[in-house]
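Q: Here is my input; please provide its structure:
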Amino acid sequence: MNNDIILETKLVADVKGAFYVPSYQRGYRWGEVEVTRLLDDVYQNGLKKYDNGNKKYCLQPVVVRKSGDVYELIDGQQRLTTLYLIYKYMKNVNPFFSDPAFSLTYQTREQSADFLKTLDMSKQDDNIDFWFIANAYKTIQKWFEQDMQIRVMHIFEYFKEDVKIIWYEVGESEDAISLFTRLNIGKIPLTSAELVKAMFLSRDNSENMSREKQEEISLQWDNIERELHNDSLWSFLTNSIEDEYQTRIDLVLDLISGKDEATREKYYTFFKFDEMRKGVSLDDIWKNIYQTFLILKGWYEDHNLYHKIGYLIASGTSLQKIFELSKDKKKDEFNAAFDALIKKSVAISGNYSELSYEKPLDYKRISTLLLLFNVESVRQTDGKAQRFPFDKFKHGNGNNVKWSLEHIHAQQSEGMKTQEVWKMWLELHIPSVKSIGGDHSELIEEMQHAKDMDKLERSLFETIQQEVLTLLSVSGNTEYMHSIANLALLNTDVNAALNNSTFDVKRNQIVEMDKKGEYIPFCTKMVFLKYYTPSEDNQLHFWGQADRIAYVNAINNALSNYIEPIVLEKKETK
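A: Below you'll find the predicted structure:
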């Protein structure tokens, strides 16, 4: 971006001058939806000011290049034409209102300019430009007629006092066609970040910032953007999908502007910075931006803050809330505030052992608790050598990963409805039946025969499955089957046959996934590799009550600052 730019916001009523639409652009093409949306947005936003005080509203940028006494309209033809038609309508119903303060002509379509001025509807079918302009005017008329006097007065007033456009004027040396292509054909619009950057680099900034200072800001700006493309840092700060931010520095700017996640206004952040510059120097604004980035980076580099903040964001707390919470707090206060938020995120009434996989609200609570268990377990590892990989947890190999609760040892057949899945289940369990010792050759032969059948009946599969489950399960304590003591986080891409497998089959699969370098959450790996179970209680092929007790004790120990401990009784036989 060069510094040959004029950037400011203007009230719609203050947009003046002669604009021409160059030959490389098509004509006016907005339909009823776009015209109505603009009017609704302006009107609804204007009404809010009566509830919330002064309420400004900003339309998308109008990009122009000065050419003699007129402006070449590079981007914004549709909006400016619609505003022109709205003014024409308001003037027609109230002669005391002024005409549009600007005019529109066309480099190669003079007749379109005449039609825009006269709105002679008898000619609306003469060409496609006339047709779109006429229909836009009819849409405007229809919208106003829902409440004629009130709406006309309000819209005229809002254009004078509340509604602004972003005026983006490039230098005469700018390649207008190339810029138009980027903004329109390429579908890469100006972002708030680009506009804020232009605010610093513009030749017309009111503080006459030196070229050296502008170059320094430009370099620092690019460095921030580059560092935010570190996937580990980015995934720590946000749960966003890849395309949510066209430039990642937008995240920093949104924090400073106080932009809420529910805010739909596209240029909210730029508009806030535009207001800010009226009372604060550009130099101080830049210091604020750079300092905010350093704060975020400092959190990322601090072992404890990285894990606590990372967990809160991953579990649904907004970065904006965390940022606001951090203001004017000493480090100890800051940590205490985070601990309180974390404790609240997993708070329930009652005992965690009573939460059930089968209840939707409990499912969410258990998932959150196990996420915290994984993050805290990594945070508390000796020497702080490990960090929980939020990038792998959220995005895997570049795609968003969805995690689900899976039974560590399954004894039901959820989602197993096809022969292919039944046969895969049998194939997965044959090695486990072979490995546990004893003479099970008859069962193995039966499993192999069923797997090879052209048509496997459900009744036969379920009979064999029950025999296998009885053999590979520890008896007793079935009440814990859907509790946290028998649940872990696994990628939802895992197939139905594996989801419904016994512990031994899942353990073997986890080992294979680990060998291939696939990401497995820390505690899920510890469970299936039997790290939590004392050696004297360790039955390699089974998941029993001793394992569940050890697993729950590990959860109790890791989360002692946040939850009341769960107690399981040791009562089972094999």
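
Q: where in the stretch 51-200 of the chain is pLDDT low?
A: Applying pLDDT under 70 to the stretch 51-200 of the chain flags the ranges 51-55, 185-189.

Q: A347: how many residues sit nearby?
A: If you count neighbours by other CB atoms under 10 Å, A347 ends up with 10. C-beta coordinates here come from the backbone N, C-alpha and C atoms, glycine included.

Q: Just say helix, strand or coil for it.
A: Under the three-state scheme (DSSP: H, G, I helix; E, B strand; the rest coil), A347 adopts coil.

Q: can you tell me how far F200 sits from S281?
A: Distance of F200 to S281, given as CB to CB, to the nearest Å: 11 Å.

Q: Counting neighbours, go ahead and name the busier of the two.
A: Using other CB under 10 Å, the more surrounded residue of F200 and S281 is F200, with 24 against 12.

Q: tell me what the host helix or strand of D40 is packed against?
A: Per DSSP states H and E, D40 falls inside helix 32-52. Under the contact criterion of 3 or more CB pairs under 8 Å, 6 or more residues apart in numbering; DSSP states H and E, helix 32-52 touches strand 57-67, helix 77-93, helix 128-144, helix 148-161, strand 163-170.

Q: Reformat these into TSV and put distance to Y562 and mean neighbour count next to each item.
A: Formatted as TSV, the helices and strands packed on helix 32-52 follow (distance: least, CB to CB, whole Å; neighbours: other CB atoms under 10 Å):
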stretch	distance to Y562	mean neighbour count
strand 57-67	43	20
helix 77-93	51	20
helix 128-144	54	19
helix 148-161	50	16
strand 163-170	46	22
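
Q: will you turn these into TSV that also has distance to F270?
A: Formatted as TSV, those follow (distance: least, CB to CB, whole Å):
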stretch	distance to F270
strand 57-67	8
helix 77-93	16
helix 128-144	27
helix 148-161	20
strand 163-170	7
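
Q: I'd like to know which of those lies nearest to Q509.
A: Closest approach to Q509 among the helices and strands packed on helix 32-52 (CB to CB): strand 57-67, 51.1 Å.

Q: Could you list the paired strands of that closest one along with their orientation?
A: Strand 57-67 sits in its sheet next to strand 70-75 (antiparallel), strand 163-170 (parallel), going by DSSP bridges.

Q: how much does the first one deviate in direction from helix 77-93?
A: Think strand 70-75. Going by axes from the mean of the first three to the mean of the last three CA atoms, to 10 degrees, strand 70-75 is angled at 120 degrees with respect to helix 77-93.

Q: Same question for the longest one.
A: Angle of strand 163-170 versus helix 77-93, following the same axes, to 10 degrees, is 140 degrees.

Q: just checking, what packs against the helix or strand harbouring Q448?
A: Assigned by DSSP H and E, Q448 falls within helix 441-452. Here helix 441-452 is seen to pack against helix 419-435, helix 458-472 when contacts are counted using 3+ CB pairs under 8 Å, 6+ apart.

Q: Pick the most deeply packed of these.
A: Compared across the helices and strands packed on helix 441-452, helix 419-435 shows the largest average neighbour count, a mean of 18 (mean count of other CB atoms under 10 Å).

Q: Just the mean pLDDT for it, thanks.
A: Here helix 419-435 scores 80 as its mean pLDDT.

Q: Go ahead and measure how far that helix is from the middle of the chain.
A: With CA atoms, centre = their mean, to the nearest Å as the basis, helix 419-435 stands 40 Å off its chain's centre.

Q: Which strands and helices lie in contact with that helix?
A: By 3+ CB pairs under 8 Å, 6+ apart, helix 419-435 packs against helix 441-452, helix 458-472, helix 496-499, helix 503-515.

Q: Could I get the CA-only coordinates of it as PDB?
A: Only the C-alpha atoms of helix 419-435 are listed here, as PDB (Å, rounded to 0.1, in the frame of the first residue of the first chain):
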ATOM      1  CA  GLN A 419     -23.200 -55.500   7.100                       C
ATOM      2  CA  GLU A 420     -20.000 -53.700   6.200                       C
ATOM      3  CA  VAL A 421     -19.800 -52.200   9.700                       C
ATOM      4  CA  TRP A 422     -20.700 -55.500  11.400                       C
ATOM      5  CA  LYS A 423     -18.000 -57.400   9.400                       C
ATOM      6  CA  MET A 424     -15.400 -54.700  10.200                       C
ATOM      7  CA  TRP A 425     -16.300 -55.000  13.900                       C
ATOM      8  CA  LEU A 426     -15.700 -58.700  13.800                       C
ATOM      9  CA  GLU A 427     -12.400 -58.200  11.900                       C
ATOM     10  CA  LEU A 428     -11.200 -55.700  14.500                       C
ATOM     11  CA  HIS A 429     -12.000 -58.100  17.400                       C
ATOM     12  CA  ILE A 430     -10.600 -61.400  16.100                       C
ATOM     13  CA  PRO A 431      -7.000 -60.400  17.100                       C
ATOM     14  CA  SER A 432      -8.100 -59.400  20.700                       C
ATOM     15  CA  VAL A 433      -9.900 -62.800  21.200                       C
ATOM     16  CA  LYS A 434      -6.800 -64.600  20.000                       C
ATOM     17  CA  SER A 435      -4.500 -62.600  22.400                       C
END
